[in-house]
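> whatever this is, show me its structure:
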Amino acid sequence: MIFNPEVIIEKLPELANGLLVTILLWVAGIAGGVVLGFLVATARRFGGFVTNAVLGSIVEVLRGTPFLIQIFLLYYGGPFVGLMLDPIPCGLIGLMVYSAACYSEIFRAGFGAVPAGHVEAAGCLGMTRLQTIRRIQIPEMAVIVLPPAVNLSVILLKESAVLSIITVPELTATVSAIGSQQYAYLEAIFILAVVYWVLVELTDRIGRLAEYRLSRLRFSKA
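Numbering: from 1, shown residues only. This next block holds a predicted model:
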């Protein structure tokens, strides 16, 4: 086999479109997952036993089943219950729900890692429960959860390739189509690996920078 870069160069517009879809779905899925995950973690932490039990069961089911299976059920099983979604909305919803379950566990652990003495001190200063959550627990939790949250974001980036199975025109689906049409499987796999590696490295570096700045902000106010 001979590596022919011209095949990739000719298909750059298609690759750019696929990359754009991947990034948009990934960013939107993470954003929605972070918000939902935080709400779930907060409800489990402060909502009582029943709320914690119900939401905890849902989270365990979502985290305990492969993302591939969840996407299959949502896209191909949805019509049986009257839920008919196009590939891109289906992929976005699936990624958002799956990531929310994972992020909620990170946030829940972050809440538990905040020293109890800090919360008690806030109470002694006359802070309300809401003020304690907003001014003490959330800022301290943010520093704690940032590294695992960035790691999860990297995992979700690679998991987004699964969306190609429901015909979402993201990067993996685009590259696979190019490889099949041009019989350029080596070139297709190579460019796919390189692009994902670059995205992962960028995410990791941004995460480290955010962690450094957040830590400095936290200790500067200490």
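> tell me the pLDDT at residue 214?
On pLDDT, residue 214 comes in at 74.
> ok, it - contacts?
With contact taken as Cβ atoms under 8 Å, 6 or more residues apart in numbering, residue 214 is in contact with 142, 143, 146. Bear in mind the C-beta positions are built from the backbone N, C-alpha and C, glycine included.
> by neighbour count, which of the residues you listed wins?
Neighbour counts for the contacts of residue 214 peak at residue 146, which has 19 neighbours (criterion: other Cβ atoms under 10 Å).
> quick one, what contacts it?
207, 210, 211, 214.
> roughly how far apart are the first one and residue 52?
From residue 207 over to residue 52 the distance is 29 Å, taken as Cβ to Cβ, to the nearest Å.
> could you do the second one as well?
The span separating residue 210 from residue 52 equals 30 Å under the rule Cβ to Cβ.
> what of the third one?
Taking Cβ to Cβ as the criterion, residue 211 is separated from residue 52 by 29 Å.
> what do you get for residue 179?
Shown here: residue 179 relative to residue 52, a distance of 47 Å by Cβ to Cβ.
> those two: which is more packed in?
Legend: neighbour count by other Cβ under 10 Å for residue 179 and residue 52, higher for residue 179 (19 against 15).
> low pLDDT regions in the chain?
Along the chain, segments meeting pLDDT under 70 span 1, 216-222.
> can you tell me the centre-most residue of it?
The residue lying closest to the centre of the chain (Cα atoms, centre = their mean) is residue 30, at 3.8 Å.
> that residue and residue 155 touch, don't they?
No - with contact defined as Cβ atoms under 8 Å, residue 30 does not count as touching residue 155 (10.7 Å).
> looking at it, residue 171 is touching residue 192, isn't it?
Yes - using Cβ under 8 Å, residue 171 is in contact with residue 192, at 6.8 Å.
> could you pull out the strands for this protein?
Counting by DSSP state E, the chain has no strands at all.
> where do the helices of it begin and end?
Secondary structure of the chain (DSSP state H): helices located at 5-10, 12-46, 49-64, 67-76, 87-113, 116-124, 129-132, 138-159, 171-182, 185-220.
> which one of these is the most hemmed in?
Counting by mean count of other Cβ atoms under 10 Å, helix 87-113 has the highest mean neighbour count of these, with a mean of 21.
> against which helices or strands is that helix packed?
Where contact means 3 or more Cβ pairs under 8 Å, 6 or more residues apart in numbering; DSSP states H and E, helix 87-113 is packed against helix 12-46, helix 49-64, helix 67-76, helix 138-159.
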